[in-house]
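J.: Take this sequence and fold it.
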Amino acid sequence: MPAPHPVVQTRRLFFSYQAGDIREVNAVLKEINLQVAPGEYLVILGHNGSGKSTLAKQLNALLTPSEGQVLVCGMDTRDDSCRWEIRRQAGMVFQNPDNQIVGTTVEEDVAFGLENLGVAYEEMRQRVDESLKKLDIQHLAEREPHQLSGGQKQRLAIAGILAMRPTIIILDEATAMLDPSGRQEVMRAVRQLNRQEGICVIQITHFMEEALCADRVVVMQEGRIQMQGPPEEILLNREALLAAGLEVPFAVELAERLRRHGIPLDEKILHREQLVEALWTLLSKN
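T.: Got it, this is the predicted structure:
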């Protein structure tokens with residue numbers, strides 16, 4: 001069978017905030033060629049200033065190329081007539097959920113985008129209820145958004161996008177303002193939407209642990225894609241991560257330090273659970 005068409009495709013994408021000037025010295029994005037498959041979970045890593053958030057905004061037409069092309073579900077982001085449909089197909093979740101919450105109650109906020117689409121009340125009611133349930137916040141339907149925790153607010157923002165029936169959800173540093181507990185609850189919900197609903201997820205983050213469950217990891221540096229591949233290939237490349245200004249995942253770094261002290265650990269330990277199991281196995285042998 002032929003490979004499915006990508007839901008996102010960038011072709012020699014250059015971008016500069018200085019209109020008409022895409023010289024390399026000013027370009028924020030430099031010759032980005034990227035394809036994202038339907039249902040893929042893609043994580044884009046990079047330190048501050050690497051261009052990752054600028055790339056995210058290109059993927060739902062908040063920004064458009066200075067040169068090159070971005071296609072979202074086959075639609076060119078430079079085509080003004082496609083902008084609304086592109087943003088419906090590729091919903092964006094931002095760092096601060098307060099910036100995209102507009103309803104006076106949770107269920108009104110989820111319904112807001114559907115009202116703008118002119119969705120009939122009966123279908124709107126069904127979509128709102130389904131979205132709240134999938135994000136496990138149906139019990140908060142009548143609460144005022146300002147009463148929610150940070151993690152609950154981000155799940156509300158995702159529910160509002162989910163009700164629009166998107167093909168892609170883009171998370172632009174969406175967990176950066178959350179505590180570890182809130183971060184975990186949001187990531188759990190996003191992974192579930194990806195695995196169970198088949199929604200493509202493109203996540204921009206600097207938290208290395210959030211890349212562990214991705215299908216593919218892209219590392220950006222100085223506006224370019226520096227490397228990409230499966231998590232086990234990228235996140236175990238300690239030297240390349242450090243060269244890109246990124247932290248090494250906790251389990252990878254700790255396992256490396258233990259090896260330096262003579263503890264014989266497998267070179268492919270990536271997750272904390274793998275490290276705990278390996279240490280337990282060693283202890284049980286002694």
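J.: Now do the strands in this structure.
T.: For the chain, the strands defined by DSSP state E cover 8-15, 29-36, 41-45, 67-72, 75-76, 90-93, 168-172, 200-205, 216-221, 224-229.
J.: What pairs with the third one, parallel or antiparallel?
T.: Okay, so that is strand 41-45. For strand 41-45, the paired strands and their directions (DSSP bridges) are strand 200-205 (parallel), strand 216-221 (parallel).
J.: Residue 206 touches residue 246, doesn't it?
T.: Yes: with contact defined as Cβ atoms under 8 Å, residue 206 counts as touching residue 246 (7.4 Å). Where you see a C-beta, it was placed from the backbone N, CA and C, and this is true even at glycine.
J.: Nearest the middle, which residue of the chain would you pick?
T.: With distances taken as Cα atoms, centre = their mean, residue 203 lies nearest the centre of the chain, 1.2 Å away.
J.: Please name the bridge partners of it.
T.: Residue 203 forms beta bridges with residue 43, residue 171, as assigned by DSSP bridges.
J.: ok, it - contacts?
T.: Residue 203 makes contact with 41, 42, 43, 44, 170, 171, 174, 190, 210, 214, according to Cβ atoms under 8 Å, 6 or more residues apart in numbering.
J.: neighbours around residue 60, how many?
T.: 24 (other Cβ atoms under 10 Å).
J.: That one and residue 90 touch, don't they?
T.: Yes: contact criterion Cβ under 8 Å: residue 60 and residue 90 qualify, at 4.1 Å.
J.: hang on, the earlier thing: looking at residue 206 and residue 246, which one has more neighbours?
T.: More crowded of residue 206 and residue 246, by other Cβ under 10 Å: residue 246, with 22 against 18.
J.: list the contacts for the more buried one?
T.: 45, 46, 47, 206, 208, 219.
J.: Closest to residue 285 out of these?
T.: residue 208 (30.3 Å; Cβ to Cβ).
J.: Pull up the gap between the closest residue to the closest one other than its chain neighbours and residue 233, please.
T.: Nearest in space to residue 208, with sequence neighbours left out and distances taken as Cβ to Cβ, 6 or more residues apart in numbering, is residue 249 at 4.4 Å. Distance from residue 249 to residue 233, counting by Cβ to Cβ, to the nearest Å: 13 Å.
J.: Between these two, which is the more surrounded one?
T.: Counted by other Cβ under 10 Å, residue 249 and residue 233 do not tie: residue 249 has more neighbours, with 24 against 12.
J.: Phi first, then psi, for the more buried one.
T.: With angles defined as degrees, to the nearest 10, residue 249 sits at phi -50, psi 140.
J.: Am I right that it is in contact with residue 212?
T.: Yes: Residue 249 lies in contact with residue 212 (Cβ under 8 Å); the separation is 7.0 Å.
J.: got any residues that touch both of those two?
T.: Counting by Cβ under 8 Å, 6+ apart, the common neighbours of residue 249 and residue 212 are 235, 270.
J.: Next, count neighbours for residue 285.
T.: Neighbours of residue 285 using other Cβ under 10 Å come to 6.
J.: gap between the closest residue to residue 107 other than its chain neighbours and residue 194?
T.: Excluding the flanking residues, the one nearest residue 107 by Cβ to Cβ, 6+ apart is residue 141, at 4.3 Å. For residue 141, the distance to residue 194 (Cβ to Cβ) stands at 24 Å.
J.: which one of those two has more residues nearby?
T.: Set residue 141 next to residue 194 and count neighbours by other Cβ under 10 Å: residue 194 wins out with 20 against 15.
J.: got a list of what the more buried one touches?
T.: 39, 41, 200, 201.
J.: remind me which residues of the stretch 151-286 of the chain are low pLDDT?
T.: For the stretch 151-286 of the chain, residues meeting the criterion pLDDT under 70 lie at 286.
J.: go again using 90 as the cut-off
T.: Scanning the stretch 151-286 of the chain for pLDDT under 90 picks out the ranges 174-186, 188, 206-209, 213, 238, 247, 262, 264-272, 281-286.
J.: returning to that earlier point: shared neighbours of residue 206 and residue 246, which are they?
T.: 45, 46, 47.
J.: What is the nearest of the residues you listed to residue 178?
T.: Closest approach to residue 178 among those (Cβ to Cβ): residue 45, at 17.9 Å.
J.: Kind regards, and thank you for your time.
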